[in-house]
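K.L.:
Following is a predicted model, sequence given first.
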There are 2 protein chains.
Amino acid sequence: MDWRVSAARTYGTPLYAYDADLLTDRLRILSGLFGDRFGISYAIKANPNLAVLRVIRPWLDTFDASSHAEVERAVAAGMDPAHVTFSGPAKRHEEIARAMAMGLGELVLEHADEARQASAIAQRLGRVQDVLVRINPMRVPRGFGASMAATPSQFGIDEEDIAAELPGIAALPGLRLIGFHIYSGTNCRDPNAIAENFAIFADIFRRAQAITGIRPTRLVFGSGFGLNYLPGEAPLDHEALPALVNPVIDALRAEPAFRDARCNLELGRWLVGPAGWLLTGVVSAKQSRGAAVRTCDAGFNNHLAAASMMGTVIPRNWVFENVTNPDGPVGRYTLTGPLCTSIDRLAHGIDLPEVRPGDILAIPNSGAYGLTASPTRFISHPEPREVLRQGGQLADVSESALNRWQGEAPDV
Amino acid sequence: MDWRVSAARTYGTPLYAYDADLLTDRLRILSGLFGDRFGISYAIKANPNLAVLRVIRPWLDTFDASSHAEVERAVAAGMDPAHVTFSGPAKRHEEIARAMAMGLGELVLEHADEARQASAIAQRLGRVQDVLVRINPMRVPRGFGASMAATPSQFGIDEEDIAAELPGIAALPGLRLIGFHIYSGTNCRDPNAIAENFAIFADIFRRAQAITGIRPTRLVFGSGFGLNYLPGEAPLDHEALPALVNPVIDALRAEPAFRDARCNLELGRWLVGPAGWLLTGVVSAKQSRGAAVRTCDAGFNNHLAAASMMGTVIPRNWVFENVTNPDGPVGRYTLTGPLCTSIDRLAHGIDLPEVRPGDILAIPNSGAYGLTASPTRFISHPEPREVLRQGGQLADVSESALNRWQGEAPDV
């Protein structure tokens, strides 16, 4: 039996199911892909589950945290705070202070005001904080999803302002500028676009180095490696990347100023997304105005992205699998969630093997931006559990028990 | 000082602030608006905070729950389960059984399969369950937001199928069909459209009565009373409603079959929305490519709807107030949240009194579909607290303390 089915039968639905072995496979692939050119920085926001973080930690140079609680999660997962980076466009004073007091490795600065604030905090704590400056490029190649470049942004210093801004930051007494950080686009499946983007990064890093005169020891390449969420999309051909990317990195590292630069790939989605599924049970079947409607026990409360509500302009069906009836005759269905609102629609006119009440549907590529990116408290349905499969064993790795029903159910 | 400012200073931001007196005013207005024609049914999903439910409860005929945990909330707020209705398109077997075992007042049936299932459960529990059948109309007037009519739907029995479906449901041995329920559109600010919709409901109720031959004791009119979320929108002129709506109800009630029909208005948004604000602190100011960007400590993690991510096709700025600098010179701003994603934008090109770091911005109309409709766990920022103002006193009515930072902060 498909392990996802037995997981759903054991732990109930909705259920987030993660496969640690598959995750480890992807970590191994990525670690070897570019030789020693890149370390890996995992963006905790993609999936902050502690059990998942513990699987990932041994493969990393750094965890990237985007809130103070994520810094705490990195440490709870066994990471030395010196190997944590902290980025984010609205870090509060107290967050910066708490992170520095814990011994944060690298603070990623988003603008000059934040740099001055961080310098003052570091001085009061009697330390000098290693920092990176995030730079916001003018240009991002076609092929990326949400793009942060070329428009006004809360992220980083605009590329065209670095000559004016960087020297002042580099001179702040509480900070040690050790390098730069760029993340300008997400979810790209085109190796050429990724390589072209990295070449843009390298060029900006060169100019930032020339402006500041530092010898960077850290450069962060926000990867934007994408996933094939929609039917018919090809996955990113990651094996095509080294031939395109390695020359960019080798040329940069050959320059004396960059000889000591440790380059990190920052990513989350590509690593953990394919290692997770949302499993949802089919509650009921009804016919409505020519459509075969199937209501499910998970809706946008449990997977905002799969319901096309996370930055998607035109709703499109994700891939679904009927894991309890994979060989049934194919029909066309409207899949809806349990919420009392007409916008709670998972798929419209999707072709699937016959979907019957009691069936379990799986949504692949749900390991990233799934549970914690969703409004699980909406309408107080029980929070999905999270299970992790490792070496053939399943473990309940849930961290929250919101809205679990209390007491024995009547036996009917 | 504006009480919202002192609330934010006392409890920190982001903060959901509710005004019980304003909420009570709206309950009083609604209770008197139509004479004794309507009871009030509050849709818990709009705001399930227990302290809010306790303010609302004395004014109600029923709480409308859309999940079993909401049934439990209604009871925790002091409501007799006999005055709770339970609706929802994907009620699980266990939810129905638990609710019936608690003594649920009215079960709202969405389709014939659910009716048969509910009848069997009731029989095994040795009771006869009062039920309403939800009907899904063919037509909804212009002027409503999300509309559930005229398309395939997970909600209710299609109007055109009631002749085929209702007799079988009425004959089920475990159920007592006591009336009907329609909710076909949300967030309407046009009194004429609301009255026209109620006339459509009345006509459908007449046909459903004729088909089943019952003398309904309960008819639920899903109100769809709307709010003016966007700048320049006029509020619903509720005082115009009685002249338009009362004749519809009086004509229906004059018919012998409907003499015992208690009509309920089911709503949530209109009651509780204007009684709540999300207060967010401004963390930083930066200039980026001609735009004055202000980062805030609340983003779509705390208010999905205000970030145009809850069923909105074209993002539009909600109303914002600068409550700490209401008389400052007006400027134009881009307001972003704290999340490490470029889609975390609260407003684009919005004109506000000068917005400075440390200012507090208020988002009105946030009492409904705010905190619990938002992915508060995304990126692990501290969950906003909820405070309730009543008789000039503020109380912390928070129910969750997700991601609160642990231990003392360094004093810097």
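P.N.:
Happy to help now that I have it.

K.L.:
Tell me where the stretch 201-350 of chain A has strands.
P.N.:
For the stretch 201-350 of chain A, applying DSSP state E, counting those that start in this stretch gives strands covering A:218-222, A:262-267, A:276-288, A:291-296, A:321-322, A:330-336, A:345-353.

K.L.:
now these as a markdown table including distance to residue B:303 and mean neighbour count?
P.N.:
Where you see a C-beta, it was placed from the backbone N, CA and C, and this is true even at glycine. Formatted as a markdown table, the strands of the stretch 201-350 of chain A follow (distance: least, Cβ to Cβ, whole Å; neighbours: other Cβ atoms under 10 Å in any protein chain shown):
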| stretch | distance to residue B:303 | mean neighbour count |
| --- | --- | --- |
| strand A:218-222 | 27 | 26 |
| strand A:262-267 | 28 | 23 |
| strand A:276-288 | 24 | 23 |
| strand A:291-296 | 26 | 24 |
| strand A:321-322 | 34 | 20 |
| strand A:330-336 | 24 | 20 |
| strand A:345-353 | 22 | 19 |
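
K.L.:
got a markdown table for the ones you listed, with distance to residue A:37 and mean pLDDT too?
P.N.:
Output for those, formatted as a markdown table (distance: least, Cβ to Cβ, whole Å; pLDDT from 0 to 100):
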| stretch | distance to residue A:37 | mean pLDDT |
| --- | --- | --- |
| strand A:218-222 | 10 | 98 |
| strand A:262-267 | 6 | 98 |
| strand A:276-288 | 28 | 97 |
| strand A:291-296 | 44 | 98 |
| strand A:321-322 | 36 | 98 |
| strand A:330-336 | 43 | 98 |
| strand A:345-353 | 40 | 97 |
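
K.L.:
okay if I get these as JSON lines plus distance to residue B:225?
P.N.:
JSON lines is the format used below for the strands of the stretch 201-350 of chain A (distance: least, Cβ to Cβ, whole Å):
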{"stretch": "strand A:218-222", "distance to residue B:225": "46"}
{"stretch": "strand A:262-267", "distance to residue B:225": "46"}
{"stretch": "strand A:276-288", "distance to residue B:225": "26"}
{"stretch": "strand A:291-296", "distance to residue B:225": "27"}
{"stretch": "strand A:321-322", "distance to residue B:225": "40"}
{"stretch": "strand A:330-336", "distance to residue B:225": "25"}
{"stretch": "strand A:345-353", "distance to residue B:225": "24"}
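
K.L.:
Reformat those strands as CSV; add distance to chain B.
P.N.:
Below are the strands of the stretch 201-350 of chain A laid out as CSV (distance: least, Cβ to the nearest Cβ, whole Å):
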stretch, distance to chain B
strand A:218-222, 10
strand A:262-267, 10
strand A:276-288, 4
strand A:291-296, 3
strand A:321-322, 17
strand A:330-336, 4
strand A:345-353, 8
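
K.L.:
Between those strands, which one is closest to residue A:73.
P.N.:
Closest to residue A:73 of these, according to Cβ to Cβ: strand A:262-267, at 16.4 Å.

K.L.:
Can you spell out which helices and strands pack onto the closest one?
P.N.:
Counting contacts by 3 or more Cβ pairs under 8 Å, 6 or more residues apart in numbering or on different chains; DSSP states H and E, strand A:262-267 is packed against strand A:38-43, strand A:218-222.

K.L.:
wait, residue A:165 sits on residue A:114?
P.N.:
No. Here residue A:165 lies out of contact with residue A:114, judged by Cβ atoms under 8 Å, at a distance of 11.4 Å.

K.L.:
more neighbours, those two?
P.N.:
residue A:114 (26 against 18; other Cβ atoms under 10 Å in any protein chain shown).

K.L.:
Next up, phi/psi of the more buried one, please.
P.N.:
Backbone torsions for residue A:114, taken as degrees, to the nearest 10, come to phi -60, psi -40.

K.L.:
residue closest to the middle of chain A?
P.N.:
residue A:46 (2.6 Å; Cα atoms, centre = their mean).

K.L.:
these two touch, right, it and residue A:266?
P.N.:
No. Contact between residue A:46 and residue A:266 fails when scored by Cβ under 8 Å: they sit 10.5 Å apart.

K.L.:
Break chain A down into its domains, please.
P.N.:
Listed domain ranges for chain A are A:48-267, A:274-396 (source: automatic domain parsing).

K.L.:
distance between the first one and the chain's centre?
P.N.:
Spelled out, that is domain A:48-267. Distance of domain A:48-267 from its chain centroid, counting by Cα atoms, centre = their mean, to the nearest Å, is 14 Å.

K.L.:
And for the shortest one?
P.N.:
Relative to the chain's own centre, domain A:274-396 is displaced by 20 Å; criterion: Cα atoms, centre = their mean.

K.L.:
Need the distance between the two termini of it.
P.N.:
Using Cα to Cα, to the nearest Å, the end-to-end distance of domain A:274-396 comes out at 19 Å.

K.L.:
For residue A:24, the count of nearby residues, please.
P.N.:
17.

K.L.:
Surely it is in contact with residue A:52?
P.N.:
No. Using Cβ under 8 Å as the test, residue A:24 is too far from residue A:52 to be in contact (11.1 Å).

K.L.:
Residue A:134 bridge partners, please.
P.N.:
According to DSSP bridges, the residues that bridge with residue A:134 are residue A:181.

K.L.:
Residue A:115 versus that one, what's the distance?
P.N.:
Distance from residue A:134 to residue A:115, counting by Cβ to Cβ, to the nearest Å: 11 Å.

K.L.:
before we move on, what about residue A:291?
P.N.:
Taken as Cβ to Cβ, the span from residue A:291 to residue A:115 is 56 Å.

K.L.:
ok, now residue A:307?
P.N.:
Applying Cβ to Cβ to residue A:307 and residue A:115 gives a distance of 39 Å.

K.L.:
ok, now residue A:86?
P.N.:
With Cβ to Cβ as the criterion, residue A:86 and residue A:115 are 14 Å apart.

K.L.:
who's more crowded, the two?
P.N.:
Between residue A:86 and residue A:115, residue A:86 has the larger neighbour count (other Cβ under 10 Å), namely 28 against 25.

K.L.:
and residue A:20, what does it touch?
P.N.:
Contacts for residue A:20 were tallied using Cβ atoms under 8 Å, 6 or more residues apart in numbering or on different chains; they are A:52, A:55, A:275, A:388-391.

K.L.:
Got phi/psi on the closest residue to it other than its chain neighbours?
P.N.:
In space, residue A:20 comes closest to residue A:390 once its chain neighbours are excluded; the distance is 3.9 Å by Cβ to Cβ, 6 or more residues apart in numbering or on different chains. Backbone torsions for residue A:390, taken as degrees, to the nearest 10, come to phi -150, psi 120.

K.L.:
What's the local residue count around residue A:390?
P.N.:
16.

K.L.:
now swap in residue A:234 and tell me
P.N.:
Residue A:234: 8 neighbours (other Cβ under 10 Å).

K.L.:
which bits of the stretch 151-300 of chain A sit near chain B?
P.N.:
By Cβ under 8 Å from any Cβ of the partner chain, the residues of the stretch 151-300 of chain A that approach chain B are A:151-155, A:158, A:186, A:283-286, A:288-291, A:293, A:295-297, A:299.

K.L.:
how about a cut-off of 6 Å?
P.N.:
Residues of the stretch 151-300 of chain A lying close to chain B by Cβ under 6 Å from any Cβ of the partner chain are A:152-154, A:158, A:283-284, A:286, A:288-289, A:291, A:293, A:295, A:297.

K.L.:
Thanks again, I'm all set now.
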